[in-house]
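>>> Fold the following.
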Amino acid sequence: MSRIALTDERGFNQVFAPVGSTPLRMRRRSDWFVDQIGRLGAQRVLEIGSGTGETAAHLAAHTPAEIVAVDISPAFIAEARARHQAPNLRYELFDLLGEVPLAFGQFDMVCGNGILHHLVLRLPEVLGALHRLTNPGGGLAFIEPNFLNPYCAFIFGTRIGRRFAKLEPDEMAFTRGELRTALPAAGWREVQVATRDFLLPGLPELLVKPTLAVEPALEATAATSWLAQSHFITARA
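I've put the predicted structure just below:
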């Protein structure tokens, strides 16, 4: 399954190796964020937890929006700046909960891929800070792991799985209900949580096409859609 490509300064796994299904999976997710920028007409976008910068670079290349990508890891920010440059793209070292929240101004959209589940213990504070960073009428777009997915249940819910995935001590996947409760409580409205995506990271190439063939039916059927790997979350400020 998925392999570790890069760990942060504390040795925790933050980036999947680009093998098997992983590049396609990341491209599909980046394209979803592009769609959300277009839907909102966002001119300034903040990506939280940008890692080595691939998603932010994709957004900058496929939209005219100004993309500000932030991470708490100096190593990741240095790597992102070395790999990606664009006139509408900047990478900044930033701790959402440890620095001045408005350091980079207001945004029309805040987003992140697999970030909120690192911050479960401070989720109300995080969602509130993101709300304050977002212009009235602006939006939020996040993709987070679904705890009910068997793969996620293993790596988040068992000791051996957590060791295998090199998870942070407080890292935990979400149920749909938890997200539907937490966002409105922090002031977000028009909250939508769509659970989908059966393309696991690091899936062998020979399994990619069969997975893509059955995925639409699995996502469209109530009996199986709740088992998908990820929650695709949108809301309005």
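>>> all strands of the protein, in order?
4-7, 13-16, 44-48, 66-71, 89-93, 107-113, 134-145, 189-196, 230-236 (DSSP state E).
>>> Convert stretch 103-118 to CSV, retaining C-alpha atoms only.
Output in CSV follows, covering the C-alpha atoms of stretch 103-118 (Å, rounded to 0.1, in the frame of the first residue of the first chain):
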residue,chain,number,x,y,z
ALA,A,103,-0.6,37.9,9.1
PHE,A,104,-1.4,37.4,5.4
GLY,A,105,-4.7,39.2,5.2
GLN,A,106,-8.2,37.9,4.3
PHE,A,107,-9.0,35.2,1.8
ASP,A,108,-11.9,34.2,-0.4
MET,A,109,-11.2,30.5,0.2
VAL,A,110,-9.3,28.5,2.7
CYS,A,111,-8.5,24.9,1.9
GLY,A,112,-6.4,21.9,2.8
ASN,A,113,-5.9,18.2,1.9
GLY,A,114,-5.7,15.9,5.0
ILE,A,115,-5.0,18.7,7.5
LEU,A,116,-7.8,19.0,10.0
HIS,A,117,-7.4,15.5,11.2
HIS,A,118,-4.0,16.5,12.6
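>>> Identify the residues contacting T63.
34, 37-38, 42, 45 (Cβ atoms under 8 Å, 6 or more residues apart in numbering). For glycine as for every other residue, the C-beta is placed from the backbone atoms N, C-alpha and C.
>>> one more time with 7 Å
Neighbouring residues of T63 by Cβ atoms under 7 Å, 6 or more residues apart in numbering: 34, 37.
>>> ok, now how distant is it from T221?
33 Å (Cβ to Cβ, to the nearest Å).
>>> before we move on, back to that, need the strands of the chain in CSV (columns: mean pLDDT).
Below are the strands of the chain laid out as CSV (pLDDT from 0 to 100):
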stretch, mean pLDDT
strand 4-7, 53
strand 13-16, 54
strand 44-48, 97
strand 66-71, 96
strand 89-93, 96
strand 107-113, 97
strand 134-145, 97
strand 189-196, 98
strand 230-236, 98
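>>> As a markdown table, those with mean neighbour count would be great.
As requested, the strands of the chain are exported to a markdown table (neighbours: other Cβ atoms under 10 Å):
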| stretch | mean neighbour count |
| --- | --- |
| strand 4-7 | 15 |
| strand 13-16 | 20 |
| strand 44-48 | 25 |
| strand 66-71 | 25 |
| strand 89-93 | 18 |
| strand 107-113 | 25 |
| strand 134-145 | 21 |
| strand 189-196 | 16 |
| strand 230-236 | 22 |
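>>> For those, give me CSV that also has distance to G202.
Formatted as CSV, these follow (distance: least, Cβ to Cβ, whole Å):
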stretch, distance to G202
strand 4-7, 10
strand 13-16, 6
strand 44-48, 23
strand 66-71, 22
strand 89-93, 26
strand 107-113, 16
strand 134-145, 14
strand 189-196, 19
strand 230-236, 15
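>>> Any idea which of those gets closest to A56?
strand 66-71 (3.6 Å; Cβ to Cβ).
>>> what packs against that closest one?
strand 44-48, helix 54-62, strand 89-93 (3 or more Cβ pairs under 7 Å, 6 or more residues apart in numbering; DSSP states H and E).
>>> mind redoing it with 10 Å?
Judged by 3 or more Cβ pairs under 10 Å, 6 or more residues apart in numbering; DSSP states H and E, the packing partners of strand 66-71 are strand 44-48, helix 54-62, helix 74-83, strand 89-93, strand 107-113.
>>> follow-up on the earlier one: of the strands of the chain, which approaches R122 most closely?
strand 44-48 (13.0 Å).
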